[in-house]
Every structure is written in structure tokens, then in C-alpha cells.
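1. Here's my sequence, what's the structure:
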Amino acid sequence: MAKRPYLRSERLVLRPFCLTDFNVDDALSFYKIAHDPDVKKYLPYAYCEVLYDAWNSVEGYSRVNFQDDFYFAICDSFGNMVGALMVFRTLPRVLDVCYVIKNDCRGKGYCTEAMKCFIKYLEQNTTYSKLFFEVKPDNLQSLGVLSNLGIDVNPGENVEYYTYVLKPSKQKWIFCLYVKTKRDSNWKHLLKEINSILSHALFCIMLLALLNHSFCYLLICKLHLLYLFLR
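-> Below you'll find the predicted structure:
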């Protein structure tokens, strides 16, 4: 396991989560952060309905290896947890980034400061080359964080969410932007319906094929190829 890093910025400390039989403070603090309607809306996998959910989450966060995954408790200068930074590897040298800040601590620049601190750590200690941020266009606070990181945020209409990509170039981080529109989602939903119809049609034709009609066999092959293509 890699060394568990403690990162410091001007006002914050990013430290590993801790959970033992004698220390449950992180679970209690994370529950106060993640039991929030905004978290449920924008980061549902981190949302904690009850304290037990927070216990399970922090237990997993405290065991990460800081090679493929990086989970930090974001603490202020007094040691109080004000947020969490959750980063995990999806592809070689690519990290997905999620963050959450306690409701009464938002608007103070904590998340931007934590992200800049983490990016500096990546530059100095790892070979990761890209950071992915998936953000809904109505999540204005998260878009503000990305704007502070140097991303030209310009959300448009008819967009389900944006995926921002930060990647380093000559010691600086630049960004690309991928957009998933609601139209894309409708098209995927249509493909799903077509696949469902094809699967039922294949089943019916296979029953007819029991009558040894060669035409049925040919139709099965063509429908099966179309089904595989649309999946």
C-alpha cells in the first residue's frame, strides 16, 4: 500500500479517512455532510440516508490504497471536517473526481482550494494525466469550482450533463469538454426498446423454427446480427 498522504493548503488539510472501534468521528462528520438533499440530487452514490450508510462509506474510504483511489477528508484549520474529495481510477492514468462540501461551509472556496492542492499532489507524485468531472448544468456551485480551476464553463440548454476533462500540458492543466444532451439519452432509450422488441421476435421465430422451415433459420440469423449490432 502506498504511503497515506496528508496534504496541506493555506486553510485546509486533506487527510485520509479514519474509522476504528475507538474513533467514529469521521463517520459522524461525514453523515452531517452527506445527509443533504443537494448530495442526493447531484452525487447520489455518496448520499447517506442514515448513519449506518455513512459508517459503511467511511469504512471503505479508510481502506483505499492511494494508488488507484484517493479519498480525502477535507478539514479546516481547526480539524473540523468540512467536506470530502473522492477520486477513483476508471482507466489507466485517468481519474474520476467527485467532491462534496458541508452545506454551511459552501461559498468559501474550500472545494477550489482542495482541488488545487490535490492537482499539485498529482503532478509531483503520480503519473496520472487526466481528471474527469461530470457535472449537471444546474449544479452552479460545482460549475463555479470548475471555473475557478480555469475551465470556461458555459452550460447550454437541452443538456443532461457535462463531462469536463482536465489534462496536463507543459506543467499546466488544460481541459476538453464532452456534452451529453437529452436527445442522446432519448436515442439510447429508443435503442433499448428496439433491442427488447428484437429479443422477443427472436424467441417467437425460434419456436417457428422447430417446424424446420429454412426461411425461419435465415431470419433468425439476420435478426440476431441486427440485435448484436444495436446493443
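2. okay, CA-based contacts and neighbour counts for the rest of this
-> Fine.
3. And the strands in this structure?
-> 7-8, 13-16, 69-75, 81-91, 94-101, 130-135, 159-169, 172-181 (DSSP state E).
4. which of those strands is buried the deepest?
-> A comparison of the strands of the chain by mean neighbour count, using mean count of other Cα atoms under 10 Å, puts strand 69-75 on top with a mean of 23.
5. what's next to that one, contact-wise?
-> 12-17, 61-62, 64, 81-89, 114 (Cα atoms under 8 Å, 6 or more residues apart in numbering).
6. For it, list the C-alpha coordinates in CSV.
-> In CSV, the C-alpha atoms belonging to strand 69-75 read as follows (Å, rounded to 0.1, in the frame of the first residue of the first chain):
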residue,chain,number,x,y,z
ASP,A,69,-8.1,5.6,-5.5
PHE,A,70,-7.8,8.8,-3.4
TYR,A,71,-10.3,9.6,-0.7
PHE,A,72,-9.7,12.6,1.5
ALA,A,73,-11.5,14.2,4.3
ILE,A,74,-11.3,17.9,3.8
CYS,A,75,-10.7,19.6,7.2
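7. Count residues in the vicinity of Val153, would you?
-> As a burial measure, Val153 scores 16 neighbours (other Cα atoms under 10 Å).
8. Oh, that last question was meant for Asp104, not what I typed.
-> Applying other Cα under 10 Å, we find 9 residues neighbouring Asp104.
9. I'd like to know which of the strands of the chain is closest to Asp36.
-> Among the strands of the chain, the nearest to Asp36 by Cα to Cα is strand 94-101 (10.2 Å).
10. and the closest one, what other elements does it pack with?
-> helix 25-34, strand 81-91, helix 110-125, strand 130-135 (3 or more Cα pairs under 8 Å, 6 or more residues apart in numbering; DSSP states H and E).
11. Specify the angle between the third one and strand 94-101 in degrees.
-> Just to be clear, that refers to helix 110-125. Interaxial angle of helix 110-125 relative to strand 94-101 (axes from the mean of the first three to the mean of the last three Cα atoms, to 10 degrees): 150 degrees.
12. Who are the packing partners of helix 110-125?
-> Identification of packing neighbours for helix 110-125 by 3+ Cα pairs under 8 Å, 6+ apart yields strand 7-8, strand 94-101, helix 140-148.
13. Contact partners for Thr127?
-> Contacts for Thr127 (Cα under 8 Å, 6+ apart) come out as Arg93.
14. and the gap between it and Leu7?
-> Distance of Thr127 to Leu7, given as Cα to Cα, to the nearest Å: 18 Å.
15. again, but for Val50
-> Noted for Val50: a distance of 29 Å to Leu7, by Cα to Cα.
16. thinking again about what came up before, possible to save the helices and strands packed on strand 94-101 as a markdown table with mean pLDDT and distance to Tyr42?
-> As requested, the helices and strands packed on strand 94-101 are exported to a markdown table (pLDDT from 0 to 100; distance: least, Cα to Cα, whole Å):
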| stretch | mean pLDDT | distance to Tyr42 |
| --- | --- | --- |
| helix 25-34 | 94 | 11 |
| strand 81-91 | 91 | 14 |
| helix 110-125 | 92 | 15 |
| strand 130-135 | 87 | 8 |
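17. Need the ones you listed in JSON lines (columns: distance to Ser142).
-> Shown next, in JSON lines, are the helices and strands packed on strand 94-101 (distance: least, Cα to Cα, whole Å):
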{"stretch": "helix 25-34", "distance to Ser142": "15"}
{"stretch": "strand 81-91", "distance to Ser142": "13"}
{"stretch": "helix 110-125", "distance to Ser142": "9"}
{"stretch": "strand 130-135", "distance to Ser142": "7"}
